[in-house]
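Q: Structure for the following, please:
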Amino acid sequence: MTRLPAKHRTAYINARLLDPASGLDAPGALLAEDGRISDLGPQLFADGVPEGIQTVDCAGACLAPGLVDMRVHIREPGEEQKETMGSAGRAAAAGGVTSVVALPNTDPVIDDVAGVEYIARRAREEKRVKVYTYAAVTKGTEGRELTELGMLGEYGAVAFTDGTKAVASAQVMRRALSYAKTFGHLIVQHPEEPSLAGGAMNGGEMATRLGLPGIPSVAEVMMVERDLRLVELTGGRYHVAHVSTAATVDVIRRAKAHGLNVTCDTAPHYLTLNEIAVGDYRTFAKVSPPLRGEDDRRAVMEGLIDGTIDAIASDHAPHDQESKRLPFAIAEPGIVGLETLLPLSLQLFHSEKIGLLDLLGRITAKPADILGLKAGHLTKGSPADLLIFDLNKAGKIDPDLFESKSKNTPFEGLPVQGRVRRTVVDGRSLFEAA
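A: Residues are numbered from 1 along each chain as shown. Below you'll find the predicted structure:
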């Protein structure tokens, strides 16, 4: 008689269970069995854990779904000196992120089946966090000819975007929305009118004082307003990436009230920093779109609180020193964010701006649901992708401790509360805090 292999079972006990999707916030335990959640709840293991089950005592720490980061520059292939699949996977695990979605603006661009399959193969080889990928909307992200959206979706592309480039042509965007709708796919836009986007920082008094070319905030809302007209025309699914201005929040709020199929995200730096962070030409605070004024920052935060903004994404954009330690106008834009996504987001909770479950939902269930990923939920049968963290653990952001190959963050030395204790993917513990 053939004996079935023993099941791999792990009990997580003495936890504060947090599931934003169901509203669960209660002390209890969770059982992971062969990579999936087989049971959870306040009464689980009330009489003790049976023999033969590995036990992890959470000691009162929070146990939530692993974070889902829907906007990550992995840089592989093409710029492995900045980041690789391996280093990005280690950084994600250290940050409590169990699922990342890679942007397609690599070298070569992910605009064909071979590129999508390459990302999937490299993720399998690394055996770290789960890596999904976008494919480009247009070939070479050049904004002219559509990629094979239907075929790319069949081979695993979760949505379509030209990364850090806007789809500038209204006709191309109209065709993309119509074509994608046929297959139920999502178009993700970098919201910036290219003819106004040639500057280095937010347009205004500070840019003038520093002698830097400015990017007016209207460059963002102009592109979004145009696209929303096209969404209304086509009925397509549309997502606005890294919202940074009050005007954009306002038009998206109205579009949702009007019933348009639109979602959006922002990044922690647009919630926590304004243009003053540029200071005396600090290139680590150069991002795209640029950091805006304080009124915009406050409006973005309010948009997150009231649900207009659906998700927070790290917009992890690693750069080496050669790309950042340059005159501000020519330095590359971007901030590393995988390892700071949780503590920076938790600042909104600790400052009593938003409830814990609402906040966690923006970095777990909401991005997963937008992209149709089997992630972000703490329910029976779901993958055992788990995050255990100390909610109130104080510390400071130290880029020297980052697992990412790049250290370009403007948050060095920032006091934060919230520390990842353990990250689990499909039941496998990938990170444990020292």
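
Q: all helices for the stretch 1-150 of the chain, in order.
A: Counting by DSSP state H, counting those that start in this stretch, the stretch 1-150 of the chain has helices at residues 85-94, 113-126, 149-154.

Q: what does the first one contact?
A: Spelled out, that is helix 85-94. By CB atoms under 8 Å, 6 or more residues apart in numbering, the residues outside helix 85-94 that reach it are 69, 72, 74-76, 98, 100, 122-123, 125-126, 128-129, 131, 316, 318, 336, 338-339, 402-405, 420, 423, 425, 430-431. For every residue, glycine as well, the C-beta is placed using N, CA and C.

Q: Can you pull the poorly scored residue ranges out of this structure?
A: Scanning the chain for pLDDT under 70 picks out the ranges 1-6.

Q: coming back round to it: turn the helices of the stretch 1-150 of the chain into TSV, including distance to I363 and mean neighbour count.
A: Output for the helices of the stretch 1-150 of the chain, formatted as TSV (distance: least, CB to CB, whole Å; neighbours: other CB atoms under 10 Å):
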stretch	distance to I363	mean neighbour count
helix 85-94	12	25
helix 113-126	20	16
helix 149-154	25	18
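
Q: are any of the contacts of helix 85-94 buried, and which?
A: Buried residues within those, defined by neighbour count using 16 or more other CB atoms under 10 Å: 69, 72, 74-76, 98, 100, 122-123, 126, 128-129, 131, 316, 318, 336, 338-339, 402-405, 420, 423, 425, 430-431.

Q: Mind checking which of those residues land in strands?
A: Among those, DSSP state E puts 69, 72, 98, 100, 131, 420, 423, 425, 430-431 in strands.

Q: Need the max-distance pair from the residues you listed.
A: Greatest spacing in those, by CB to CB: V131 and V420 (18.8 Å).

Q: So what does V251 have for phi and psi?
A: Per-residue torsions, V251: phi -70, psi -30 (degrees, to the nearest 10).

Q: Tell me who's in contact with it.
A: Applying CB under 8 Å, 6+ apart to V251 gives the contacts 221, 224-225, 228.

Q: try 10 Å this time
A: V251 sits next to 220-221, 224-225, 228, 240, 245, 262, 308 when contact means CB atoms under 10 Å, 6 or more residues apart in numbering.

Q: now L103
A: Contacts of L103 (CB under 10 Å, 6+ apart): 70-75, 109-110, 133-134, 136, 141, 161-164, 188, 190, 241, 315-317.

Q: Any figure for the gap between the nearest residue to A329 once chain neighbours are set aside and V278?
A: Spatial nearest neighbour of A329, chain neighbours left out: A200 (4.6 Å); criterion: CB to CB, 6 or more residues apart in numbering. According to CB to CB, to the nearest Å, A200 and V278 sit 9 Å apart.

Q: Mutual contacts of these two, please.
A: Counting by CB under 10 Å, 6+ apart, the residues touching both A200 and V278 are 207, 210, 212, 286, 290, 328.

Q: Filter these down to just the ones in helices.
A: Judged by DSSP state H, those include 207, 210 as members of helices.

Q: just curious, which of the shared contacts of A200 and V278 is nearest to H258?
A: Once CB to CB is applied, the member of those that ends up nearest H258 is P290, at 28.8 Å.

Q: burial measure for the closest one, as a count.
A: P290 is flanked by 26 other residues according to other CB atoms under 10 Å.

Q: Let me see the contact set for it.
A: 192, 197, 199-203, 207, 212, 214-215, 217, 219-220, 244, 270, 275, 278, 333.

Q: One more pass at 6 Å, please.
A: By CB atoms under 6 Å, 6 or more residues apart in numbering, the contact set of P290 is 201-202, 215.

Q: Compute the distance between A180 and A135, please.
A: Applying CB to CB to A180 and A135 gives a distance of 11 Å.

Q: Would you list the phi and psi of C58?
A: Residue torsions, per degrees, to the nearest 10, at C58 are phi -80, psi -10.

Q: From L271, how far off is the spatially closest residue to L273 that is not a sequence neighbour?
A: Setting aside the residues directly before and after it, L273 is nearest to L291 in space (CB to CB, 6+ apart), at 5.3 Å. Counting by CB to CB, the gap from L291 to L271 is 11 Å.

Q: And these two? Which one has more around it.
A: L291 (24 against 21).

Q: which residues does the more buried one contact?
A: 273-275, 277.

Q: Most neighbours out of the residues you listed, which is it?
A: E275 (23 neighbours).

Q: Mind jotting down where the helices sit in the stretch 251-400 of the chain?
A: 268-272, 294-305, 321-324, 341-350, 356-362, 365-371.

Q: of the ones you listed, which approaches D34 most closely?
A: helix 365-371 (21.3 Å).

Q: Pull the distance from the closest one to the chain's centre.
A: 10 Å (CA atoms, centre = their mean, to the nearest Å).

Q: Outline the domain layout of this protein.
A: 9-63+384-432, 66-371 (automatic domain parsing).

Q: okay if I get those domains as JSON lines plus distance to L378?
A: Listed next are the domains of the chain as JSON lines, based on distance: least, CB to CB, whole Å:
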{"stretch": "domain 9-63+384-432", "distance to L378": "4"}
{"stretch": "domain 66-371", "distance to L378": "9"}
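
Q: taking those together, which one is wrapped up most tightly?
A: Ranked by mean neighbour count, the domains of the chain are led by domain 66-371 with a mean of 21 (mean count of other CB atoms under 10 Å).

Q: Endpoints of it, how far apart?
A: 16 Å (CA to CA, to the nearest Å).

Q: Now K130: closest residue in space that isn't a chain neighbour?
A: Per CB to CB, 6+ apart, closest to K130 is S99, 4.5 Å.

Q: no, scratch that, I was asking about D400
A: K407 (7.3 Å).

Q: That neighbour: which element?
A: For K407, there is no enclosing helix or strand under DSSP states H and E.

Q: Would you confirm that it contacts P399?
A: Yes: here K407 reaches P399: they are 4.0 Å apart, a contact under CB atoms under 6 Å.
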